[in-house]
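S.K.: Kindly generate the corresponding structure for this input.
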Amino acid sequence: MKTLENHIILFDGECPMCKAYTQAFVSTGMLPADGRAAYQNNMDSVCPVIDKQRAVNEIALINLNNGEVTYGIQSLFKVIGNTCPVLKPFFNFKPFACLMSKFYAFISYNRRVIIPAGTAGDSYPYQPTFKLQYRIAYLLFTWLCTGLILTGYAYLLTGVVPLGGPLREYFICGGQLIFQGIIISIYAPDKLWAYLGNMMTISFAGSLLLAIVMILNHWIAFPAIAFPLYFMAVAGVMFLEHFRRTKLLGLGWTLTITWILYRLILLAVILAA
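M.R.: Okay, here's the model as predicted:
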């Protein structure tokens with residue numbers, strides 16, 4: 001595999017996702033062993049004239065020979081294109097590059113709610129810029145995907161929970177988004193968008209776990225009782241993750257209690273219908 005020599009990529013050392021994919025670049029030989037560094041500790045020493053805020057928002061790739069810096073999706077294109085030249089025509093195709101740039105921004109500006117940083121995640125002077133349009137897009141995306149998967153899983157719970165209309169799960173998921181949004185707007189309005197992003201990541205991740213069983217159900221004959229039991233197990237994992245994330249955000253038990261309360265009330269209403 002061809003290595004992009006004399007380059008270093010500056011990643012977010014507080015972002016587990018950024019650590020993982022830049023380490024993959026090094027492990028696969030796309031970058032040399034010293035070809036990655038956390039910007040929190042190395043930005044000034046590697047390139048004093050770098051646009052620091054842009055490097056925080058969009059991963060920076062620095063050419064150590066001439067000091068040239070590329071950002072965001074262009075950095076990734078340069079690393080991947082060096083190893084796989086056959087892909088360069090796609091990277092140079094403007095509609096594709098524009099689409100991937102938007103996708104990259106969608107992930108990058110939401111990375112701290114997809115996989116949150118630790119308790120010291122806000123200690124560095126430069127933090128990812130908050131862009132409302134990308135957070136709203138993320139909330140809509142996770143809501144629609146979660147509603148779609150839960151609608152499919154509802155058919156596996158018909159022995160325990162009555163089957164509702166085709167939009168029931170979308171309303172339930174969207175309703176919780178609104179309900180919790182009202183609560184945190186009163187409780188901690190400055191953390192509204194951070195909390196909602198984390199909450200919807202939990203819902204989306206839980207739905208993906210349910211989707212695994214839905215897929216396996218095409219090949220494995222699970223007993224009917226397995227589906228509600230698995231659903232409750234996933235709900236338990238989501239509860240623990242919700243508590244962990246609210247703790248990282250410096251929020252107390254209030255939002256976890258209301259998160260559970262909403263679900264219990266909806267369950268009681270559905271069973272009573």
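S.K.: how near is the most centrally placed residue in the chain to Val79?
M.R.: When Cα atoms, centre = their mean is applied to the chain, the residue found nearest the centroid is Ile114 (2.5 Å). Distance of Ile114 to Val79, given as Cβ to Cβ, to the nearest Å: 21 Å. Where C-beta positions appear, they are placed from N, C-alpha and C, glycine not excepted.
S.K.: same deal with Tyr124?
M.R.: 24 Å.
S.K.: Show me which of those two is the more surrounded one.
M.R.: Between Tyr124 and Val79, counted using other Cβ atoms under 10 Å, the more crowded position is Val79 (22 against 17).
S.K.: ok but the more buried one is inside a helix, no?
M.R.: Yes. Val79 forms part of a helix when assessed by DSSP: H, G, I helix; E, B strand; the rest coil.
S.K.: Touching, it and Thr28? I think so.
M.R.: No. With contact taken as Cβ atoms under 8 Å, Val79 and Thr28 are classed as non-touching, separated by 10.2 Å.
S.K.: What strand or helix carries the nearest residue to Tyr109 once chain neighbours are set aside?
M.R.: Once flanking residues are discounted, Tyr109 sits nearest to Tyr134: 4.1 Å by Cβ to Cβ, 6 or more residues apart in numbering. Following DSSP states H and E, one finds Tyr134 within helix 132-154.
S.K.: and after that helix, which helix or strand comes next?
M.R.: helix 168-187.
S.K.: Show me what counts as buried in that following helix.
M.R.: By neighbour count, with 16 or more other Cβ atoms under 10 Å as the criterion, the buried positions of helix 168-187 are 168-170, 172-174, 176-177, 179-180, 183-184, 187.
S.K.: which residues touch Arg112?
M.R.: Applying Cβ atoms under 8 Å, 6 or more residues apart in numbering, we find Arg112 in contact with Cys15, Gly121, Pro128, Ala194, Gly197.
S.K.: Which of the three states applies to it?
M.R.: With three-state DSSP as the criterion, Arg112 reads helix.
S.K.: Just the helices from this protein, written as ranges.
M.R.: 16-27, 39-46, 52-57, 73-83, 88-92, 94-108, 111-114, 132-154, 168-187, 192-216, 226-248, 254-272 (DSSP state H).
S.K.: Could you export those helices as a markdown table, including mean pLDDT and distance to His7?
M.R.: Shown next, in a markdown table, are the helices of the chain (pLDDT from 0 to 100; distance: least, Cβ to Cβ, whole Å):
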| stretch | mean pLDDT | distance to His7 |
| --- | --- | --- |
| helix 16-27 | 91 | 10 |
| helix 39-46 | 75 | 11 |
| helix 52-57 | 91 | 14 |
| helix 73-83 | 94 | 8 |
| helix 88-92 | 91 | 16 |
| helix 94-108 | 95 | 18 |
| helix 111-114 | 94 | 22 |
| helix 132-154 | 97 | 28 |
| helix 168-187 | 95 | 42 |
| helix 192-216 | 97 | 32 |
| helix 226-248 | 95 | 33 |
| helix 254-272 | 90 | 43 |
